[in-house]
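1. Here is a sequence together with a model predicted from it:
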Amino acid sequence: MALAAAISLPLASPTGRSLAFTNPLRSSSPSSSVFPLKFLAKDSARTCPCFRISATSSMSALAPEKASPPTSFLDRRETGFLHFVKYHGLGNDFILVDNRDSSEPRITPEQAVKLCDRNFGIGADGVIFAMPGINGTDYTMRIFNSDGSEPEMCGNGVRCFAKFISELEDLQGKQSFTVYTGAGLIVPEIQDDGKVKVDMGEPILKASDIPTRLPANKDHSVVKAELDVDGVTWNVTCVSMGNPHCVIFGRKGSQDLQVDELKLAEIGPKFEHHEMFPARTNTEFVQVFSRSHLKMRVWERGAGATLACGTGACAIVVAAVLEGRAGRNCTVDLPGGPLEIEWREEDNHVYMTGPAEVVFYGSVPL
Ligand SMILES: N[C@@H](CCC[C@H](N)C(=O)O)C(=O)O
């Protein structure tokens, strides 16, 4: 798979002034004078990485003499190309693929690994497919991690998914829809400020469902259990948000964690592949600032150290409540920025609110 790409960037100009880029996802009205992305012939695209920018007529130097008829970026269906939009949620970045015409992912896990590569590919923590809904839902979301494994859910990903759908479809003022995921029904809602609030459903606390082999309490939960990793004993609480999380506030008998001091790349994989986690695990290391303010670093299953993890932020608030360290409404600081998390008593659901932004639009030959 060659990785020549045509991309379109919604960025600020080098002078710091914002360029008035239009959204190439939308079929634009004639008045917006968008000239469509042009693709190089397949052969030249293979040998020559190229960049194509979609701009408004305010950039007169770039405007063509005669505007071509407007087209929607993702209406393109050239055989042999994958058209995508790259999004990020607090730096947790994803390649979003319009897969609404099929229930089979457009690319294989092996191709996803190549596309996610930050040196030889587009670079991302995962690939997300927008698919037809099942079981009466509006859409289905599937995701491949950057190692090609398929997780059940992705919190930052579902916020990006919601923004992607709102660009692809005329939702006729509707800001909320239902998404089927491996973790069941998820309901994102795009707010007036552009952030996305997601009903992430109920946390799963039963050890065998998380799954973990750690000894459970009478109520089947694993809260403040001891986990030995290379001779160090950690206190861990296990929570599934559809996908498994091992949440850590400290080592046995020592002070609370200073998360910036941890050697994540060294210890993260030891938790991910620990025999106590038969489906591997995401691991969050947490520092408590107050009962409503937490800070975390994450080692993700199948993706390593990422700048943010939405399901992880939900899991740490649930764990903090269970351990008596925080209340049910928290701001969670992640390396990429903050998320607002609420574990609501009335319905036992976890709600996550945060941003999701376009990085660029592009195409790669497959
Ligand atoms: N970053 C995601 C989680 C993605 C899946 C995870 N790596 C897993 O394998 O469970 C999030 O924001 O939740």
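-> Yes, it's here. Computed from a prediction, not measured in an experiment: that's the story for all the values here.

2. And the chain, what are its domain boundaries?
-> With domains defined by automatic domain parsing, the chain comprises 6-201+357-365, 207-348.

3. Over the first one, what's the mean pLDDT, rounded is fine.
-> For domain 6-201+357-365, mean pLDDT is 76.

4. again with stretch 212-232
-> Mean pLDDT, computed over stretch 212-232, is 97.

5. Tell me the buried residues in that stretch?
-> By neighbour count on 16 or more other Cβ atoms under 10 Å, the buried set for stretch 212-232 is 212, 214, 216, 221-225, 227, 229. All C-beta spots, glycine's among them, are computed from the backbone N, C-alpha and C.

6. what about that stretch, how long is it end to end?
-> By Cα to Cα, to the nearest Å, the extent of stretch 212-232 from end to end equals 19 Å.

7. interface residues of the stretch 1-150 of the chain facing the ligand?
-> 92, 145 (Cβ under 6 Å from any ligand atom).

8. Buried ones in stretch 119-126, by neighbour count?
-> Quick answer for stretch 119-126 (16+ other Cβ under 10 Å): 121-122, 124-126.

9. actually stretch 139-154, not the one I wrote
-> 139-146, 148-149, 151-154.

10. Rebuild those as TSV, extending it with secondary structure.
-> Output for the buried residues of stretch 139-154, formatted as TSV (DSSP: H, G, I helix; E, B strand; the rest coil):
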residue	secondary structure
Tyr139	strand
Thr140	strand
Met141	strand
Arg142	strand
Ile143	strand
Phe144	strand
Asn145	strand
Ser146	coil
Gly148	coil
Ser149	coil
Pro151	coil
Glu152	coil
Met153	coil
Cys154	coil
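
11. Give me the number of neighbouring residues for the closest residue to Val317 other than its chain neighbours.
-> Spatially, and ignoring its direct neighbours in sequence, Val317 is nearest to Ile341 (4.4 Å; Cβ to Cβ, 6 or more residues apart in numbering). Ile341 has 27 neighbours, counted by other Cβ atoms under 10 Å.

12. Confirm Ile341 sits in a strand?
-> Yes. With three-state DSSP as the criterion, Ile341 is part of a strand.

13. which stretches of the stretch 1-150 of the chain form helices?
-> 42-47, 109-116 (DSSP state H, counting those that start in this stretch).

14. Going by neighbour count, which residues of the longest one are buried?
-> Looking back up the chat, that one is helix 109-116. Within helix 109-116, the residues that count as buried by 16+ other Cβ under 10 Å are 111-116.

15. Looking at these, spot the one nearest Arg76.
-> Leu115 (17.2 Å; Cβ to Cβ).

16. Verify the contact between the closest one and Ile128 for me.
-> No. Counting by Cβ atoms under 8 Å, Leu115 stays clear of Ile128, with 11.6 Å between them.

17. rewinding a little: among the buried residues of stretch 212-232, which two are most distant?
-> Longest span within the buried residues of stretch 212-232, Cβ to Cβ: Ser221 and Val229, 20.7 Å.

18. what about the strands in the stretch 251-366 of the chain?
-> 282-290, 293-300, 304-305, 329-334, 337-343, 350-354, 357-365 (DSSP state E, counting those that start in this stretch).

19. want to try JSON lines for those strands, with distance to Ser176 as columns?
-> JSON lines is the format used below for the strands of the stretch 251-366 of the chain (distance: least, Cβ to Cβ, whole Å):
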{"stretch": "strand 282-290", "distance to Ser176": "27"}
{"stretch": "strand 293-300", "distance to Ser176": "27"}
{"stretch": "strand 304-305", "distance to Ser176": "32"}
{"stretch": "strand 329-334", "distance to Ser176": "21"}
{"stretch": "strand 337-343", "distance to Ser176": "17"}
{"stretch": "strand 350-354", "distance to Ser176": "13"}
{"stretch": "strand 357-365", "distance to Ser176": "19"}
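
20. Can you say which of those is packed in most?
-> Mean neighbours per residue, mean count of other Cβ atoms under 10 Å, is largest over these for strand 293-300, with a mean of 24.

21. now for it, which elements pack on it?
-> helix 264-272, strand 282-290, strand 304-305, helix 310-322, strand 329-334 (3 or more Cβ pairs under 8 Å, 6 or more residues apart in numbering; DSSP states H and E).

22. now the second one: how far from the chain's centre is it?
-> By that I understand strand 282-290. 19 Å (Cα atoms, centre = their mean, to the nearest Å).

23. contacts for that strand?
-> 243-249, 256-259, 262, 264, 268, 271-272, 294-301, 309, 311-312, 315-316, 319-320, 325-326 (Cβ atoms under 8 Å, 6 or more residues apart in numbering).

24. Write out the residues of the stretch 151-300 of the chain neighbouring the ligand.
-> By the rule Cβ under 6 Å from any ligand atom, the part of the stretch 151-300 of the chain lying against the ligand is 151, 154-157, 243, 282, 300.

25. Can you give me every residue that contacts the residue nearest to Ala356 when sequence neighbours are not counted?
-> In this structure, Ala356 finds its nearest non-sequential neighbour in Arg159, 3.9 Å apart by Cβ to Cβ, 6+ apart. Arg159 makes contact with 89, 188, 196, 198, 310, 352, 354-356 under the criterion Cβ under 8 Å, 6+ apart.

26. which SS class is Arg159?
-> helix.

27. separation between it and Ile190?
-> 9 Å (Cβ to Cβ, to the nearest Å).

28. Pull up the overlap in contacts between these two.
-> With Cβ under 8 Å, 6+ apart, Arg159 and Ile190 have common neighbours Val196.

29. if we can go back for a sec, among the buried residues of stretch 212-232, which ones are in strands?
-> 225, 227, 229 (DSSP state E).

30. out of the residues you listed, who's nearest the ligand?
-> The shortest approach to the ligand among those belongs to Leu227, at 18.3 Å (Cβ to the nearest ligand atom).
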